[in-house]
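1. here is my input, please return the structure:
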Amino acid sequence: MKKVKIYVTLKESIIEPQGTAASNTLKQIGYEEVQSLRVGKYLELTIADTDRDIDTIVKEACEKVLVNTIMENYRYEIEEA
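-> Next up, the predicted model:
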């Protein structure tokens, strides 16, 4: 069995209002050092042992369902569950 950790972030060209709001709040409460903040998503998949290629499964799942590849980038890590 495999555990897959998927990290999703908006592409740099996409305005990210949640991160902007949080960054502004941090500055207002005394964290002037914070220059910018971007918020993303973290997903975990558990995949049963299979003869199929795990990378292919993860990429297909991300690109068909989990990630909007027009606006988002993703990366992932695979480890034993």
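
2. in the one helix or strand in the chain whose mean pLDDT sits lowest, what's buried?
-> Across the helices and strands of the chain, mean confidence by mean pLDDT, DSSP states H and E is lowest for helix 17-28: a mean of 95. Judged by neighbour count using 16 or more other CB atoms under 10 Å, the buried positions of helix 17-28 are 19, 23. The way it works is simple: take the backbone N, C-alpha and C, and place the C-beta from them, glycine included.

3. shift numbering so it begins at 177
-> With the count now opening at 177, the last piece we talked about shows up as helix 193-204.

4. what's the following helix or strand after that helix?
-> Once the chain leaves helix 193-204, the next helix or strand it forms, by DSSP states H and E, is strand 217-223.

5. CA atoms of that next one as PDB?
-> Once side chains and other backbone atoms are set aside, the C-alpha atoms of strand 217-223 remain, and they are given as PDB (Å, rounded to 0.1, in the frame of the first residue of the first chain):
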ATOM      1  CA  LYS A 217      -4.100  22.600  -0.800                       C
ATOM      2  CA  TYR A 218      -2.700  19.400   0.700                       C
ATOM      3  CA  LEU A 219      -4.200  16.100  -0.300                       C
ATOM      4  CA  GLU A 220      -3.400  12.500   0.800                       C
ATOM      5  CA  LEU A 221      -4.300   9.400  -1.200                       C
ATOM      6  CA  THR A 222      -3.900   5.800   0.000                       C
ATOM      7  CA  ILE A 223      -3.500   3.500  -3.000                       C
END
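
6. in its sheet, what does that strand sit against?
-> According to DSSP bridges, strand 217-223 forms sheet pairs with strand 178-186 (antiparallel).

7. pLDDT averaged over the strand it pairs with - what is it?
-> Model confidence over strand 178-186, given as mean pLDDT, is 97.

8. good, we can wrap up now.
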